[in-house]
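> could you look at this predicted model? Sequence included:
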Amino acid sequence: MFGYILPDKPNMYMKDYVLFRAYYCGLCHATKGECGQVARFSVNYDMTFISLFFHGLHKVNTQVVQKRCILNPKKRPVIAATPLMTELVRLNLVLLGMKLEDDKADGEPRLLHRMAFSRRVKKARKKSPAFAALADECHARQLEEERSGVSLDGAAEPFADMMRKVFALLAGEKNSPEVEKIGYLLGKYVYFTDALDDYDEDVKKGRFNAFRRTFGAESYAALKEAHEEDIRFIAEEIVRGVEEAYRNVELGDTEGVVTNTLWYGLRWRLDTVLKKEKGKCIKIRL
Amino acid sequence: MYKDPFVVLGVSRDATQAEVQTAYERLREEYRAEIHIEGDDGKKAAKKLSELEEAYRAAMEELSKGAEVHGVYDHIASLLKSKRYDEAQSALDKVSDRGAEWHYYQSAVYHGKGWYYEAKAQLDMAISMDPDNQKYKDTLERMKTHAADPMGAAGASDAPRGGYDTYENMQRNTRRGTAGDCCASLICADCCCECMGGDLIRCC
């Protein structure tokens, strides 16, 4: 369920690109500090966005340090770990644990992943019981929904609602209905794009897919052929809803990256999913 | 034989309860005066009087029911305005008579909650039940053009933010697919090279 909220790089200012990368690397380094080397593989763009959003919302005074990375011998500007970032590292691992549970329920044990991460996930859950409780609730509601739900929007509700609560927690005293709405709609966006992206695989393996339950198409191509208008309608409404809510949210110096991501990035990423282009940039770690 | 109570009373369907009341009282006086005439005229008046009583009762009942239903929807509309969607939903759940208007408000609740697919389905249902209603059609049009609040006014458009123009303006001003893709490929290549220790674009 990750890798869907990212900036539209071709239409990004260089300063924002550098900032985005510094936050990405910052999250990675913070992960190492908090949960060890292996956990660094869990770092993703969605969490980087959340980090940018909340550092901007709280107007955190961040420090930039020059650090080296295993992947690159050149020193790069990296945002030094903040308490908020440590919090996000844990959230990321809790969500990863939830995803592994989901996969297990779908009949994919992913033993290697579990072996690598389970200890770290457990540790993160212990340190952030609030996130762990939200993830468990979401997981349970999702299973229930897959068994007895009926509607397309209902299928996305558990995950979207969890994201709303996560955003509310992270926003703390800066919370507002708008921040919650952004969290909710982004959760929905991620859930739907993920369901579209995995459509063929879900059909093949007989896994639950919200779009399949509603539209019943046998393949992604058939789904697109018959219902692309509906899908685009939903997606565009979600993006508009995010824009509408974002209008009243004031951010600090990460505003550029967040604006680029919310205004352009969501649409661009959805387009790549709808066209089934595996965007080449996405595969490459920054 | 069934007679439309509003026709018997000689008032329009949009009449208020007070108007029905005065029409009823006027006709009743009239018939009561005639009832004492001997012969057919008197019998006719007596029959009309009983018809009138029946019509009055039926009209008042219909009006009070209508007022109640309207009251519910007014209440729901005010809940929607203050974005209390859960309360609006439970108010809607209590309405048993689910006509086109009900589906319209259900659509509004779904839209507010962010259930966009269901919102459109409900609005489509309202339109199929009442195809001539202009309010529904306008709302659908606004929903299709992604107005922020299709049930209300058109949304304001954004000013540039963080140095970025709105998506629409950006689309208009950049020829995507030419320079954009080329640039993207270069940046991708740069990412690749940097991973391997090289550097294609010097500045990043």
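Sure thing, it's come through.
> helix or strand for the residue sitting nearest the centre point of chain A, which one?
Nearest to the geometric centre of chain A sits A:Asp46, at 3.6 Å (CA atoms, centre = their mean). Element membership for A:Asp46 (DSSP states H and E) is helix A:45-57.
> do A:Pro73 as well
Per DSSP H and E: strand A:72-79 holds A:Pro73.
> which residue ranges form the helices in the stretch 1-150 of chain A?
Remark: helices assigned in the stretch 1-150 of chain A by DSSP state H, counting those that start in this stretch are A:14-35, A:45-57, A:83-105, A:111-127, A:129-148.
> out of those helices, deepest packed?
Among these, the stretch with the highest mean neighbour count (mean count of other CB atoms under 10 Å in any protein chain shown) is helix A:45-57, at a mean of 24. The C-beta positions use only the backbone N, C-alpha and C, and glycine is treated the same way.
> any part of the strand holding A:Pro73 near chain B?
Yes. Strand A:72-79 lies within reach of chain B by CB under 8 Å from any CB of the partner chain, at A:72-74.
> rewinding a little: what mean pLDDT does the helix holding A:Asp46 get?
Averaging pLDDT along helix A:45-57 yields 96.
> touching it from outside, list them.
A:2-7, A:19-20, A:23-24, A:26-27, A:62, A:79, A:82, A:84-85, A:88, A:91-92, A:170-171, A:174, A:179, A:182, A:190, A:249-255, A:257-258, A:261 (CB atoms under 8 Å, 6 or more residues apart in numbering or on different chains).
> please apply the same query to stretch A:247-260.
Contact with stretch A:247-260 is made by A:7-8, A:11-13, A:15-16, A:19-20, A:23, A:49, A:52-53, A:55-60, A:176, A:178-179, A:182, A:246, B:156, B:158, B:161-164, as judged by CB under 8 Å, 6+ apart.
> max-length helix in chain B?
Across chain B, the longest stretch assigned as helix under DSSP state H is helix B:40-81.
> what packs against that helix?
Applying 3 or more CB pairs under 8 Å, 6 or more residues apart in numbering or on different chains; DSSP states H and E, we find helix B:40-81 packed against helix B:5-9, helix B:17-34, helix B:85-94, helix B:100-113.
> of those, which is nearest chain A?
Nearest to chain A among the helices and strands packed on helix B:40-81 is helix B:100-113 (7.4 Å), distances taken as CB to the nearest CB.
> follow-up on the earlier one: can you redo the residues of strand A:72-79 next to chain B as a markdown table with pLDDT and neighbour count?
Listed next are those as a markdown table, based on pLDDT from 0 to 100; neighbours: other CB atoms under 10 Å in any protein chain shown:
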| residue | pLDDT | neighbour count |
| --- | --- | --- |
| A:Asn72 | 77 | 15 |
| A:Pro73 | 81 | 8 |
| A:Lys74 | 85 | 10 |
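> excluding sequence neighbours, find me the nearest residue to B:Asp97.
Counting by CB to CB, 6 or more residues apart in numbering or on different chains, B:Asp97 lies nearest to B:Val69, which is 6.8 Å off, once chain neighbours are set aside.
> if we can go back for a sec, out of the helices and strands packed on helix B:40-81, deepest packed?
Each of the helices and strands packed on helix B:40-81 was assessed for mean neighbour count using mean count of other CB under 10 Å. The highest is helix B:100-113, with a mean of 22.
> list, one by one, the residues from the stretch 51-200 of chain A near chain B.
Proximity of the stretch 51-200 of chain A to chain B (CB under 8 Å from any CB) is limited to residues A:71-74, A:151-154, A:160, A:177, A:181, A:184-185, A:188.
> so which of these is the closest to A:Ser118?
A:Leu71 (24.9 Å; CB to CB).
> which one of the residues in the stretch 51-200 of chain A is closest to chain B?
For the stretch 51-200 of chain A, CB to the nearest CB, closest residue to chain B: A:Asp153, 3.8 Å.
> once you drop chain neighbours, what's closest to that residue?
Leaving aside its sequence neighbours, A:Asp153 sits nearest to B:Trp115 (CB to CB, 6+ apart; 3.8 Å).
> phi, psi for the one you found please.
Torsion angles at B:Trp115 (phi, psi; degrees, to the nearest 10) stand at phi -90, psi 80.
> correct me, but it touches A:Asp161?
No. In this structure B:Trp115 lies outside contact range of A:Asp161 using CB atoms under 8 Å: 11.8 Å.
> who's more crowded, these two?
A side-by-side neighbour count of B:Trp115 and A:Asp161, using other CB atoms under 10 Å in any protein chain shown, places B:Trp115 first with 25 against 19.
> got the confidence number for A:Arg164?
96.
> and it, how many neighbours?
If you count neighbours by other CB under 10 Å, A:Arg164 ends up with 22.
> do you know how far the residue lying closest to it once chain neighbours are set aside is from A:His55?
Counting by CB to CB, 6+ apart, A:Tyr184 is the residue found nearest to A:Arg164 once chain neighbours are left out, at 3.9 Å. According to CB to CB, to the nearest Å, A:Tyr184 stands 21 Å off from A:His55.
> now B:Gly99
Distance, B:Gly99 to A:His55, by CB to CB: 50 Å.
> please apply the same query to A:His113.
29 Å.
> do B:Ala100 as well
From B:Ala100 over to A:His55 (counting by CB to CB), the distance is 48 Å.
> could you do B:Glu29 as well?
Between B:Glu29 and A:His55 the distance is 80 Å, computed by CB to CB.
> quick one, what contacts the residue nearest in space to the middle of chain B?
Taking CA atoms, centre = their mean as the criterion, B:Tyr104 is the residue nearest the geometric centre of chain B, at 4.0 Å. By CB under 8 Å, 6+ apart, the contact set of B:Tyr104 is B:122-123, B:126, B:135-136, B:139.
> how about a cut-off of 7 Å?
B:123, B:126, B:136 (CB atoms under 7 Å, 6 or more residues apart in numbering or on different chains).
> helix or strand for the last one, which one?
Looking back up the chat, that one is B:Tyr136. Assigned by DSSP H and E, B:Tyr136 falls within helix B:134-144.
> now that helix: buried residues?
In terms of neighbour count (16 or more other CB atoms under 10 Å in any protein chain shown), helix B:134-144 has its buried residues at B:136, B:139-140, B:142-143.
> any chance of JSON lines for the residues you listed, columns pLDDT and distance to A:Val166?
Converted to JSON lines, the buried residues of helix B:134-144 look like this (pLDDT from 0 to 100; distance: CB to CB, whole Å):
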{"residue": "B:Tyr136", "pLDDT": "90", "distance to A:Val166": "37"}
{"residue": "B:Thr139", "pLDDT": "90", "distance to A:Val166": "33"}
{"residue": "B:Leu140", "pLDDT": "90", "distance to A:Val166": "34"}
{"residue": "B:Arg142", "pLDDT": "87", "distance to A:Val166": "32"}
{"residue": "B:Met143", "pLDDT": "88", "distance to A:Val166": "29"}
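> distance to B:Lys47 added to these, as JSON lines?
Formatted as JSON lines, these follow (distance: CB to CB, whole Å):
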{"residue": "B:Tyr136", "distance to B:Lys47": "43"}
{"residue": "B:Thr139", "distance to B:Lys47": "48"}
{"residue": "B:Leu140", "distance to B:Lys47": "49"}
{"residue": "B:Arg142", "distance to B:Lys47": "53"}
{"residue": "B:Met143", "distance to B:Lys47": "53"}
